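J.: how would this look folded up:
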Amino acid sequence: MGRSLRALEASLAEAGGESAAARDQRRQADAAMIAFLRRKGFEGPHYRQFMQTLMEYGWRILSGWSATGQIFDRVARAGRPVPATMVTTAWADDERSQVVTDTVIKGSTLFREHGLVRGKWTPEGGASLPTYFVGAGLLAFNPVYVKWYKTYRLGQSELDHRAAGEDDVLCAQRDIPDQRATDPAHIAAVHDDIARLRPLLPDEQLRRALALMTLGYSQVEAAAEVGLTTRALEGRLARARTKVSASRSIRVGLEEGGAR
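T.: Prediction:
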């Protein structure tokens, strides 16, 4: 992973027009920040702001790559390729943004556990903290995407099966809502969701379970490892997502009220 992280650092730096000297200086500043946050136990307002910034950055990068299809090449370089039979460009903006959001959530737990708590990130490793975070996201992408793909294919095949069973196929296909339909408002709100995600994951068991799932554990196995039932883990994941949606609804309501 070290070599791929250095290549990723060079790629991101080139895209941002950052010089080698500036990158070295930034890694030293990153080291000072980690030393400070370690003294705080990787908790508290400074840590939350730090993670919020990284999650927003990671979401922008991964979202861009998923929109262009680069994400599949990137995860292959990171050693976590998506099976060729599952690679698709037929996914809507709202579907891509949900996959990226879940990837960032799982990537953040992997980043915290390995990069910060276990101290695997160092400035001598050749990657800045933002690059290391994106690297964690690339490792987290495969299981998130594969789960989405299987659910998507199953749901879409059911729609197609229902349509084929009608007397008037064209009418059935017209009347049955396509699960791939784009919701333009969704992607505009996801970026704001990322800013709220970290405070919604104070649960250490949930963070650990997500990290295990990122490493390839099934949800059943991850739940058992952290001392939860499968249903309890699914409930905690659902509540975290619900809080994000509720927070967004409150924000929209306030904005609409202010506009009157």
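
J.: Tell me which stretches of the stretch 1-150 of the chain form helices.
T.: In the stretch 1-150 of the chain, the helices defined using DSSP state H, counting those that start in this stretch lie at 2-16, 20-39, 45-68, 70-77, 93-110, 129-164.

J.: Reformat these as a markdown table; add mean neighbour count, mean pLDDT and distance to Leu116.
T.: All C-beta spots, glycine's among them, are computed from the backbone N, C-alpha and C. Formatted as a markdown table, the helices of the stretch 1-150 of the chain follow (neighbours: other Cβ atoms under 10 Å; pLDDT from 0 to 100; distance: least, Cβ to Cβ, whole Å):
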| stretch | mean neighbour count | mean pLDDT | distance to Leu116 |
| --- | --- | --- | --- |
| helix 2-16 | 15 | 76 | 15 |
| helix 20-39 | 13 | 90 | 7 |
| helix 45-68 | 18 | 89 | 9 |
| helix 70-77 | 18 | 93 | 22 |
| helix 93-110 | 23 | 87 | 10 |
| helix 129-164 | 19 | 78 | 9 |
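
J.: now the ones you listed as TSV including distance to Thr230?
T.: Output for the helices of the stretch 1-150 of the chain, formatted as TSV (distance: least, Cβ to Cβ, whole Å):
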stretch	distance to Thr230
helix 2-16	33
helix 20-39	33
helix 45-68	26
helix 70-77	27
helix 93-110	17
helix 129-164	14
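
J.: For Glu204, find the nearest of those.
T.: helix 93-110 (10.1 Å; Cβ to Cβ).

J.: Mind giving me the packing neighbours of that closest one?
T.: helix 45-68, helix 129-164, helix 184-197, helix 204-214 (3 or more Cβ pairs under 8 Å, 6 or more residues apart in numbering; DSSP states H and E).

J.: Just want the phi and psi numbers for Trp121.
T.: Note on Trp121: its backbone torsions stand at phi -80, psi 130 [degrees, to the nearest 10].

J.: likewise Ala78?
T.: Torsion angles, degrees, to the nearest 10, at Ala78: phi -80, psi 0.

J.: same deal with Gly44?
T.: According to degrees, to the nearest 10, Gly44 has phi 90, psi 180.

J.: what sits against the closest residue to Thr229 other than its chain neighbours?
T.: Spatial nearest neighbour of Thr229, chain neighbours left out: Ala223 (6.1 Å); criterion: Cβ to Cβ, 6 or more residues apart in numbering. Applying Cβ atoms under 8 Å, 6 or more residues apart in numbering to Ala223 gives the contacts Ala209, Thr229, Thr230, Ala232, Leu233.

J.: Farthest pair within those?
T.: Spatially, the most separated pair among these is Ala209 and Thr229, at 11.4 Å (Cβ to Cβ).

J.: Between these two, point out the one with more neighbours.
T.: Using other Cβ atoms under 10 Å, the more surrounded residue of Ala209 and Thr229 is Ala209, with 27 against 11.

J.: Tell me which residues touch the more buried one, please.
T.: Gln219, Ala222, Ala223, Glu225, Val226, Leu228, Leu233.

J.: How many neighbouring residues does the fifth one have?
T.: Same thing as Val226. If we define neighbours as other Cβ under 10 Å, then Val226 has 19 of them.

J.: Can you pull the phi and psi angles for it?
T.: Here the main-chain torsion angles of Val226 (degrees, to the nearest 10) amount to phi -100, psi 10.

J.: Would you check that it makes contact with Tyr217?
T.: No: judged on Cβ atoms under 8 Å, Val226 makes no contact with Tyr217 at a distance of 10.0 Å.

J.: Please identify which of the helices of the stretch 1-150 of the chain is closest to Val87.
T.: The stretch from the helices of the stretch 1-150 of the chain with the least distance to Val87 (Cβ to Cβ) is helix 70-77; that distance is 5.2 Å.
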